[in-house]
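Student: Starting from these lines, generate the structure:
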Amino acid sequence: MVADRGCCVSHGAQQSRGLFWYYFRMSQETTGSLHFVLLEDDPNDAELIELELARNGLEVEWRHVATERAFREALTDGDIDLVLADYTLPGFDGLAALKITQKSCPGVPFIFVSGSLGEERAIEALKSGATDYVLKDRLQRLPTVVNRALLEARERRERRQAELELEAQRLLISTVMDTLPEVIYTVDTQNRITIVNRMMLEVAGKRREEIIGKRLSEIWSDETTLDIEAQAATVMRTGRAVSGQERHWVTPDGTIRWFNLTHVPLRDQDKITGLVCAVQEVTDRKALEQEILEISNREQRRLGSDLHDGLGQELTGLSLLLKGLEVQLSREAPQYLSQVTKISDLLARAIQSTRSLARGLAPVNLERGGLPEALKHLAARCTDMYNLKCTFKMAAARLPEIEEGAATHIYRVAQEATTNAARYARAKSIFIELKTVNRKLQLTVADDGIGLSAGLAQGHPGMGLKIMEYRARMLGGNVAFEEPGQGTRVVLTAPLHMLKPAKEKRLAASG
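Tutor: Predicted coordinates:
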């Protein structure tokens, strides 16, 4: 006969059993009495088993059975918390009862209580799935074994319930992600993709297994993708979410698509474990915004042209007539000459104002020098208007052809920067530079004032800075405001392929 397990109990083991018993009693107070099935053909042994558990405070509702049929009926009669069974019975045995329990009530603890259980049988019983066994001549151990079995079963149920809840949450999140029109994916700390939604698969044109574990740059290899990965690395390093970042992507056929990016850190307590990345396509919105701006620019250019070619020419004609009248009066009625001269001077100023207004409405004329010529006029006008030194430098020998709308955006940024430098930063000199760097156009407006932030704090700034940033985004670039000790540097950077006429954009993208 095999020795009963745990017959020599150490002090630590006794403490452990005491804790098991304490927590079990606490849980029993909230769940009520237990339901046990006892498979035992000897009424005296059955009574001793029941008394031993009752003596230790267990409140149990018993189903005492001795045959296979009764045992099967007991298992189907309500919830069963635990099964106690003798190993050997007339016409029935404990291993067969164990198999029936595993099939009918999976997860219910099964404990053998036997008077003669050899070592081989004990090992076979445990391998078959029995929770434990107790010898009948050592029933004092039974409450501890029962308590441990019930606690382990409860922990298994709770763990299984938690797993089911997690799976339900995973299914819900997956369903929500797959129904969103945005591209959603997550990356780990190495910027490798861990989860993707249906839209991501559609945009990439790949299967899930072809994407998981890869970097974004391994799926799309271009400058924009590398920029997105760099931003993701910054978010993971700083822990600050980034939202509303616009990026453009040129498709193989030359089409420019715009996207709004959001990067949010994933945290395990205080540790960042990755990012949730959302990509929303805003190409249609950008096209609409561009069209609205272009309509405004076209209307301004029309008004400027009307002023220059219409009212300006009529005033010029009137000025010529006055010149002729002035010559005639000087011979025939010199007493009226001074009044005519004053009218002629006023008319000359009106013509100058009209031309200045026309140039302001349509500052960039591609046929008359384009953007460099417009910036040169801006520098001269700034010098005259604010009584300071404003210079313009063209650092490139020749600029590639730029779309008139894009050139107007760049001019307006320079115009706003010079206005801010003169009005708020109290600059004495302003320097405007236009150059190309690494396939990008760079406009720099630097001044020697007190600093834009200090100047704006003393004044009442409007929407100028936000409009400058918006114009930069429309060009696929960005604008930076720097204060390197003295003065301010406003630097607009935009990719050249975004500034070209539509036809050349496609050719540049395909080439």
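Student: Now whichever strand in the chain runs longest: average pLDDT?
Tutor: If you go by DSSP state E, the chain has its longest strand at strand 256-268. Summarised as a single mean, pLDDT over strand 256-268 is 86.
Student: right, and the helix or strand after it?
Tutor: Following strand 256-268 in sequence order, the next helix or strand is strand 271-281 (DSSP states H and E).
Student: Direction included, what does that next one pair against?
Tutor: strand 183-188 (antiparallel), strand 256-268 (antiparallel) (DSSP bridges).
Student: A helix includes residue 137, no?
Tutor: Yes: per DSSP: H, G, I helix; E, B strand; the rest coil, residue 137 lies within a helix segment.
Student: How about it, nearest residue that isn't a chain neighbour?
Tutor: Nearest residue to residue 137, sequence neighbours excluded (C-beta to C-beta, 6 or more residues apart in numbering): residue 115, at 7.1 Å. Any C-beta I mention is one placed from the backbone N, CA and C, and that applies to glycine too.
Student: And that neighbour, how far from residue 403?
Tutor: Residue 115 sits 98 Å away from residue 403, going by C-beta to C-beta, to the nearest Å.
Student: Comparing these two, which shows the higher neighbour count?
Tutor: Ranked by neighbour count (other C-beta atoms under 10 Å), residue 115 and residue 403 place residue 403 first, with 18 against 13.
Student: Angles on the backbone of the more buried one, please.
Tutor: phi -60, psi 140 (degrees, to the nearest 10).
Student: nearest spatial neighbour of it, skipping sequence neighbours?
Tutor: In space, and not counting its chain neighbours, residue 403 is closest to residue 501: 5.0 Å by C-beta to C-beta, 6+ apart.
Student: Just to check, that neighbour is in contact with residue 406?
Tutor: No: if you go by C-beta atoms under 8 Å, residue 501 and residue 406 don't touch, sitting 9.0 Å apart.
Student: Give me the more crowded residue out of these two.
Tutor: Each of residue 501 and residue 406 has its neighbours counted (other C-beta under 10 Å); residue 406 has more, 22 against 14.
Student: pretty sure the more buried one is in a strand, no?
Tutor: No: using three-state DSSP, the assignment for residue 406 is helix, not a strand.
Student: do you know how far the residue lying closest to it once chain neighbours are set aside is from residue 440?
Tutor: Distances taken as C-beta to C-beta, 6+ apart put residue 499 closest to residue 406, at 4.3 Å, once the chain neighbours are dropped. To residue 440, residue 499 is 9 Å away according to C-beta to C-beta.
Student: Pick out whichever of the two has more residues nearby.
Tutor: Between residue 499 and residue 440, residue 499 has the larger neighbour count (other C-beta under 10 Å), namely 25 against 16.
Student: thinking that one is in contact with residue 475, fair?
Tutor: Yes: at 6.5 Å, residue 499 and residue 475 qualify as touching, with contact defined as C-beta under 8 Å.
Student: ranges for the strands of the stretch 301-450 of the chain?
Tutor: According to DSSP state E, counting those that start in this stretch, the stretch 301-450 of the chain carries its strands in the segments 389-394, 429-437, 440-447.
Student: and the shortest one, which residues are buried?
Tutor: Spelled out, it's strand 389-394. 390, 392, 394 (16 or more other C-beta atoms under 10 Å).
Student: so what strands line up beside that strand?
Tutor: Strand 389-394 pairs in its sheet with strand 429-437 (parallel), by DSSP bridges.
Student: Of all the residues in the strand it pairs with, which ones are buried?
Tutor: 430, 431, 432, 433, 434.
Student: returning to what we had before: how far away from the center of its chain is the longest strand of the chain?
Tutor: 3 Å (C-alpha atoms, centre = their mean, to the nearest Å).
Student: Could you pull out the buried residues of that strand?
Tutor: For strand 256-268, the neighbour count (16+ other C-beta under 10 Å) marks 256, 258, 259, 260, 261, 262, 263, 265, 266 as buried.
Student: can you tell me which of the strands paired with strand 271-281 comes nearest to residue 488?
Tutor: Among the strands paired with strand 271-281, the nearest to residue 488 by C-beta to C-beta is strand 256-268 (28.3 Å).
Student: sorry, back to before: contacts for the longest strand of the chain next, please.
Tutor: With contacts defined as C-beta atoms under 8 Å, 6 or more residues apart in numbering, strand 256-268 is touched by 186, 228, 231-232, 235-236, 239-251, 272-283, 285-286, 476, 498, 505, 509.
Student: make it 6 Å
Tutor: Identification of contacts with strand 256-268 by C-beta atoms under 6 Å, 6 or more residues apart in numbering yields 232, 235, 239, 241-243, 245-250, 272-283, 286.
Student: ok, of those, which come out buried?
Tutor: Listed as buried from the contacts of strand 256-268 are 232, 235, 242, 247-250, 274-282, 286; burial here means 16+ other C-beta under 10 Å.
Student: Relative to residue 34, how far out is the residue nearest to residue 406?
Tutor: Taking C-beta to C-beta, one finds residue 499 at 79 Å from residue 34.
Student: Likewise for residue 69?
Tutor: Distance from residue 69 to residue 34, by C-beta to C-beta: 24 Å.
Student: And these two? Which one has more around it.
Tutor: Legend: neighbour count by other C-beta under 10 Å for residue 69 and residue 34, higher for residue 34 (19 against 9).
Student: Does that one touch residue 62 like I think?
Tutor: No: assessed by C-beta atoms under 6 Å, residue 34 is found out of contact with residue 62, at 9.5 Å.
Student: Show me where the stretch 1-150 of the chain has its helices.
Tutor: 11-31, 43-55, 68-75, 94-104, 119-127, 142-179 (DSSP state H, counting those that start in this stretch).
Student: Cheers, nothing more for now.
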